[in-house]
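[1] any chance you can model this:
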Amino acid sequence: MPVSRWFVWVIGFVLVAGWVFTEWKGQLEDASQRRDILTQARIASKSIDIPGLRTLAGSPNGLTSPGYLHIKGHLMGIRSANPLFRFVYLMGKKDKAVFFFVDSELPDSKDYSPPGQPYESSSDEFMQIFDTGDEITEGPLNDEWGTWISLSIPIKDPRLGKVLAVLGVDIDVSGYIKFINPACERLIGYTTEECVGKHYLDFVPPEFHKEFARATGRQFVKKIPGTGTALRLPVYRPGHAE
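    Numbering: from 1, shown residues only. Down below sits the predicted model:
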């Protein structure tokens with residue numbers, strides 16, 4: 001099938017529902033983007049209501065408590081205000097088990113996690129947050145909800161320094177496009193409406209899929225500095241034959 005002229009594709013960073021094609025600048029800015037995302041998550045963690053957090057039962061019995069309802073509404077607001085964030089939640093730990101205090105999903109969502117629901121896919125590094133109080137970035141990670149880059153920020157007692165909970169922020173890296181900006185629309189010739197919901201590999205000829213996937217994985221997961229880095233691949237243009 002006809003393929004466009006060669007473009008330098010700048011590997012985008014991950015967004016709420018997948019890959020986003022960022023403004024083309026001739027180089028990748030992954031390290032800067034990671035810092036920005038982490039900064040947003042840190043700001044979100046500072047806004048958590050500590051007195052309300054202390055009242056959370058971590059069980060279905062607390063679904064109607066004022067503290068739970070307040071914090072849940074706040075997490076939903078954080079997610080709404082940060083389009084990069086797909087899931088926002090607070091986790092607790094009892095003995096050696098990690099569980100959900102509260103998440104940002106509506107109760108009728110298929111992805112909703114009720115308070116007290118155990119999370120059995122925790123890495124050793126995540127478990128250690130409750131002891132060390134150190135924030136971490138992990139991923140891509142696979143669990144029952146999908147494939148994610150996960151940011152984990154400890155919420156500490158301001159007086160004692162004890163970790164009360166961990167704020168988790170998940171960014172979907174499954175590869176589906178959430179949006180593209182005007183610069184990318186001009187570059188590839190597609191509108192946002194034509195791209196949203198499609199996988200980024202839908203725009204790359206099959207013989208280049210592995211190369212593209214390897215490059216994006218190296219760039220985001222291994223945090224290779226972006227300065228001067230670019231990936232030159234052909235992409236389909238509008239009107240190409242299927």
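[2] how is this protein divided into domains?
    6-31+175-234, 50-172 (automatic domain parsing).
[3] any idea which element Glu138 lies in?
    Element membership for Glu138 (DSSP states H and E) is strand 136-143.
[4] partner strands of that strand and their direction?
    When pairing is defined by DSSP bridges, strand 136-143 lines up against strand 146-156 (antiparallel).
[5] quick one: buried residues of the strand it pairs with?
    146-155 (16 or more other Cβ atoms under 10 Å). Placement of C-beta: from N, CA and C, glycine included.
[6] now it, how far from the chain's geometric center?
    Relative to its chain's centre, strand 146-156 lies at 8 Å (Cα atoms, centre = their mean, to the nearest Å).
[7] now the angle between strand 146-156 and the helix or strand just after that strand, please.
    Next helix or strand after strand 146-156 toward the C-terminus (DSSP H and E): strand 163-172. Strand 163-172 and strand 146-156 are oriented at 150 degrees to each other (axes from the mean of the first three to the mean of the last three Cα atoms, to 10 degrees).
[8] next secondary structure element downstream of strand 163-172?
    Using DSSP H and E, the next helix or strand after strand 163-172 towards the C-terminus is helix 182-188.
[9] for Gly161, which non-adjacent residue is spatially closest?
    Gly133 (7.0 Å; Cβ to Cβ, 6 or more residues apart in numbering).
[10] residues contacting the closest residue to Tyr236 other than its chain neighbours?
    Among residues not flanking Tyr236 along the chain, Phe203 sits closest, at 5.4 Å (Cβ to Cβ, 6+ apart). Phe203 makes contact with 188, 190, 195, 235-236, according to Cβ atoms under 8 Å, 6 or more residues apart in numbering.
[11] sort out for me which of those residues are in helices.
    With DSSP state H as the criterion, helices contain 188, 195 from among the contacts of Phe203.
[12] closest one of the contacts of Phe203 to Ile129?
    Cys195 (36.4 Å; Cβ to Cβ).
[13] all set, thanks.
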